[in-house]
Structures are given as structure tokens and as C-alpha cells.
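Engineer: below is the sequence, then the predicted model.
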Amino acid sequence: MLIGPGGVGKGTIARRLTERDPKLWLSRSWTTRAKRESETGDEYVFVDRETFEQAIDEGRFLEWAQFHGNLYGTPVPTDTGGADVLLEIEVQGAEQVRRHYDDVVIFLIVPPSMDQLEARLRGRGDTEDHVQRRLHSTANEMRIGERLATHVIVNDDVERATGEILSILEMLRRDRRSLA
């Protein structure tokens with residue numbers, strides 16, 4: 001799982017990971033929030049609240065949470081073709097997944113500085129109110145993330161951070177093979 005505060009680059013890293021590692025399958029989360037102007041539409045499955053709540057009732061989510069007034073959730077993985085599942089989720093969702101799967105590997109992605117995080121939030125076109133809400137919740141997300149994380153990755157350079165995660169994944173896969 002990739003977790004961390006909004007704007008830290010989880011989505012960019014997730015895309016790079018799946019481009020560089022065919023053994024990873026990225027689960028696409030659902031959300032009730034509106035699509036940002038800077039988004040292409042494939043970042044999430046964008047749905048209305050009624051559709052999301054129906055999926056909750058049907059047990060179709062591995063985890064789900066409400067965050068800043070919007071619902072976010074990870075569908076139960078279906079056909080991954082034998083690949084390792086990669087989740088890009090909020091810390092609330094990570095807590096839920098950890099309760100069900102205690103062997104999950106969690107990467108906390110952190111910004112190099114709060115100033116850079118703020119610049120990233122503004123750079124992606126978030127409203128001033130949204131930027132302030134995100135910055136306000138960052139400290140709590142980081143505290144929870146540090147408690148949950150098996151690895152902490154500073155996203156000061158996307159390629160470097162991606163490479164670090166890929167190296168850790170390869171080591172974990174080698175360990176898993178040697179135990180089999």
C-alpha cells in the first residue's frame with residue numbers, strides 16, 4: 001500500500017511503479033468527490049454518493065472511508081492475473097486493510113518539506129479552502145502513517161522514490177520465494 005497526505009505524489013509513484021514492474025496490479029479506488037480540472041479521469045472511478053453507498057451495502061469494498069466530506073474506497077480485487085496488488089489509499093483505509101491482512105507492506109510517502117507539499121497542492125489546482133483543509137489534516141495523517149508504515153519513503157524525486165520502493169519489493173519477493 002502507498003499511503004501519505006494528499007499532494008505527496010502517491011498517484012504519480014503508483015503509476016511509475018506499475019509502468020516499471022509488470023508484477024504489480026494497481027487497484028483503482030472509487031470516490032464521490034468531483035474530478036479536478038488537472039485530472040484525466042482515470043485516477044479514480046468517479047461515482048455519485050448513492051452508487052457508492054450501494055456498493056458499501058453490497059460488500060464490494062476492501063476498505064472505505066469518508067475524508068473531507070467525500071467517500072473513498074478500494075474495491076475488493078478481482079482478477080489480478082497473479083500480480084501483487086498495489087493500493088494507493090488514505091491512512092483510514094490502510095488501518096482497515098491492516099486489520100484484515102496483518103502481513104501487508106505499507107509505504108508511507110512523505111514530502112521533503114511542508115512548503116513543498118503546499119506548493120504541490122496549489123500546483124494541482126486545489127481551491128484555497130481545500131489546500132488549507134489538507135494541510136490541517138496532514139499532521140494527523142503523518143502520525144497515523146508512521147504508526148502503520150513498514151517503510152517511509154521521502155518523495156523528493158519521483159524516480160528515486162519509485163526506485164527505492166521497487167528495490168524493497170524485489171527484496172521482499174526474494175524473501176518470499178526463499179520461504180516457499
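Structural biologist: That came in fine, so what should we check first? Here the structure is a predicted model, which is why all the values come from computation and not from measurement.
Engineer: quick one: stretch 66-86 to chain centroid distance?
Structural biologist: 9 Å (C-alpha atoms, centre = their mean, to the nearest Å).
Engineer: no, scratch that, I was asking about stretch 1-20
Structural biologist: Worked out by C-alpha atoms, centre = their mean, stretch 1-20 lies 6 Å from the chain centre.
Engineer: just give me the residue right at the centre of this structure.
Structural biologist: The centroid of the chain falls nearest to Glu88 when counting by C-alpha atoms, centre = their mean (2.1 Å).
Engineer: does it touch Ser29 like I think?
Structural biologist: Yes: counting by C-beta atoms under 8 Å, Ser29 is a contact partner of Glu88 at 6.9 Å. No exception for glycine: its C-beta is placed from N, CA and C like everyone else's.
Engineer: rewinding a little: look up phi and psi at the residue nearest to the centre of the chain.
Structural biologist: Here is the backbone geometry of Glu88 (degrees, to the nearest 10): phi -120, psi 100.
Engineer: correct me, but Gly41 touches Arg28?
Structural biologist: No: in this structure, Gly41 is not within contact of Arg28 by C-beta under 8 Å, at 11.1 Å.
Engineer: where does pLDDT dip in this protein?
Structural biologist: 180 (pLDDT under 70).
Engineer: mind listing the strands for it?
Structural biologist: 2-3, 24-26, 30-31, 45-46, 61-67, 70-75, 84-86, 107-110, 151-154 (DSSP state E).
Engineer: distance of Met171 from Arg177?
Structural biologist: Distance, Met171 to Arg177, using C-beta to C-beta, to the nearest Å: 11 Å.
Engineer: no no, Asp157
Structural biologist: Taken as C-beta to C-beta, the span from Asp157 to Arg177 is 30 Å.
Engineer: between those two, who's got more neighbours?
Structural biologist: Using other C-beta atoms under 10 Å as the criterion, Asp157 and Arg177 rank with Asp157 on top: 12 against 8.
Engineer: and Glu90, how many neighbours?
Structural biologist: Using other C-beta under 10 Å: Glu90 sits among 26 other residues.
Engineer: still on that earlier bit, minimum distance to Met142: which of the strands of the chain has it?
Structural biologist: Of all the strands of the chain, strand 107-110 sits nearest to Met142, with 6.8 Å by C-beta to C-beta.
Engineer: tell me what the closest one is packed against?
Structural biologist: Of the remaining helices and strands, those touching strand 107-110 by 3 or more C-beta pairs under 8 Å, 6 or more residues apart in numbering; DSSP states H and E are strand 2-3, helix 128-148, strand 151-154, helix 158-179.
Engineer: can I get the CA coordinates of that strand in PDB?
Structural biologist: The C-alpha atoms that make up strand 107-110 are tabulated as PDB, following Å, rounded to 0.1, in the frame of the first residue of the first chain:
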ATOM      1  CA  PHE A 107       4.900   2.500   2.300                       C
ATOM      2  CA  LEU A 108       4.300   5.900   3.900                       C
ATOM      3  CA  ILE A 109       5.100   8.500   1.200                       C
ATOM      4  CA  VAL A 110       6.200  11.800   2.800                       C
END
